[in-house]
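1. turn this into a structure:
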Amino acid sequence: MPLDPEDRRPRLTPAIADVRRAVRAALGEATDALVLVALSGGADSLALAAATAFEAPRAGLRAGAVIVDHGLQEHSAEVAARAAEQARELGLDPVTVVRVAVDTESPAGPEGAARAARYEALRRAASDLHASAVLLAHTLDDQAETVLLGLARGSGAGSLQGMAAESGLYRRPLLGVRRSTTRAFCADSRLEPWDDPHNVDPSYARVRVRERVLPVLERELGPGVAEALARTAEQLREDSEAFQQMIDETIEDIVEHVEAGIAISVSALAANPPALRGRIVRYVAQSEFGVALERVHVQAALRLVTDWHGQQPIDLPGCTAAREGGLLVLRAAG
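-> Alright, predicted model coming up:
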């Protein structure tokens, strides 16, 4: 049964106020639209669910929950059922549990495969229920970990900009909220979160960053490292959006379709700064062939522009690049 209204209104503490404020800012207003919380039962998503249950009606919205059972741990069905029960007690409706099959042999690894299965399940649930948005419980700490992992892997600005607060169907209200705050929210609200054993398993790189690397950085460099990493992500995202706007304004004038491929004006590429040249080539390859070129591939393609001395076409992931007169031509790999 849903909780008595008085039990759903815990004393307003700083943690409860912070999480509710973050959710309120992310929701906006759309009368009678449905938003869904992606709920695992952990402290972050449980705090998000409770804050959404409180704030959504005040914004003229309906709020429900989707619980994805990955089936990767013993008793996962019981964990999912408990999370669904908590969602209903908070007053969320509809509440649905989705069981997914995770390909543990995927080249993306078990984490990547589970993430792909989870997002597909959330997308389908939102479509079936005609939801306008899905709320995800990533926190500032998650953002900091993402940026640090991207930095360690040399993944470039695309990874260092971390997760977007809003991306299509998905919204992340808690990107400015610390994980300690969501735990305090649950304690203050008398909510009992589930602690995922994967979150303390050191075989996962993200856990090692969380449990070992960030604490060392905080100890040696002083407090505020996580916040600084999150600010870095925000600044890089702003830079990326500016670059994308420049690409959008430029691309139609310098690109043309050719037989079995697409061509970019060499003179136009050469006239642009190196950073913009690389982004244009990467954008064209992604748009036309669905491939994400790494920096080494982009630099190899750009040598056909800036260091041309009659080279043969080069092979890139999913496509080839060749200099043909005044054009850099990309064609699908045959």
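
2. only C-alpha atoms from now on, for both contacts and neighbour counts.
-> Fine.

3. kindly list the longest strand within the chain.
-> Longest strand in the chain, counting residues (DSSP state E): strand 62-69.

4. distance check, the residue nearest to residue 13 when sequence neighbours are not counted against residue 52.
-> Leaving aside its sequence neighbours, residue 13 sits nearest to residue 188 (C-alpha to C-alpha, 6 or more residues apart in numbering; 7.1 Å). In this view, residue 188 and residue 52 are 16 Å apart by C-alpha to C-alpha, to the nearest Å.

5. check contacts around the residue nearest to residue 13.
-> Counting by C-alpha atoms under 8 Å, 6 or more residues apart in numbering, residue 188 touches 10, 11, 13, 15, 16.

6. out of those residues, which end up buried?
-> Those of the contacts of residue 188 that meet the buried threshold are 15, 16, by 16 or more other C-alpha atoms under 10 Å.

7. in stretch 273-283, what's buried?
-> Neighbour-count burial for stretch 273-283, counted by 16+ other C-alpha under 10 Å, picks out 276, 277, 278, 279, 280, 281, 282, 283.

8. ditto for stretch 252-264
-> 255, 261, 262, 263, 264.

9. ok, back up a step: quick one: the residue nearest to residue 13 and residue 11, what's the gap?
-> Distance of residue 188 to residue 11, given as C-alpha to C-alpha: 8 Å.

10. residues in contact with stretch 267-276?
-> With C-alpha under 8 Å, 6+ apart, stretch 267-276 has contacts from 243, 247, 254, 277, 305, 306, 326.

11. figure out the length between the terminal residues of that stretch.
-> 14 Å.

12. kindly report the same for stretch 54-66.
-> First-to-last residue span, stretch 54-66, C-alpha to C-alpha: 17 Å.

13. show me the contact partners of that stretch.
-> Contacts for stretch 54-66 (C-alpha under 8 Å, 6+ apart): 20, 23-24, 27-39, 49, 52-53, 84, 87, 92-98, 122, 125.

14. rerun at 7 Å
-> 20, 24, 28-39, 52-53, 87, 92-97 (C-alpha atoms under 7 Å, 6 or more residues apart in numbering).

15. mind checking how far that stretch is from the chain centre?
-> Relative to its parent chain, stretch 54-66 has a centroid offset of 22 Å by C-alpha atoms, centre = their mean, to the nearest Å.

16. that stretch - what's its average pLDDT?
-> Averaging pLDDT along stretch 54-66 yields 96.

17. also stretch 235-242?
-> For stretch 235-242, mean pLDDT is 85.

18. strands along the chain, start to end?
-> For the chain, the strands defined by DSSP E occupy 34-38, 62-69, 95-99, 133-135, 166-167, 170-171, 255-258, 261-265, 314-316, 319-324, 327-332.

19. all the helices of the chain, residue numbers only.
-> Applying DSSP state H to the chain gives helices spanning 14-27, 43-55, 76-89, 109-129, 140-152, 157-160, 179-188, 205-208, 214-221, 225-254, 266-271, 274-289, 295-306.

20. export the ones you listed as TSV, with columns for distance to residue 102.
-> Formatted as TSV, these follow (distance: least, C-alpha to C-alpha, whole Å):
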stretch	distance to residue 102
helix 14-27	30
helix 43-55	21
helix 76-89	13
helix 109-129	6
helix 140-152	22
helix 157-160	24
helix 179-188	27
helix 205-208	19
helix 214-221	30
helix 225-254	30
helix 266-271	43
helix 274-289	26
helix 295-306	31
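
21. which one of the ones you listed has the poorest average confidence?
-> Among the helices of the chain, helix 157-160 carries the lowest mean pLDDT, a mean of 68.
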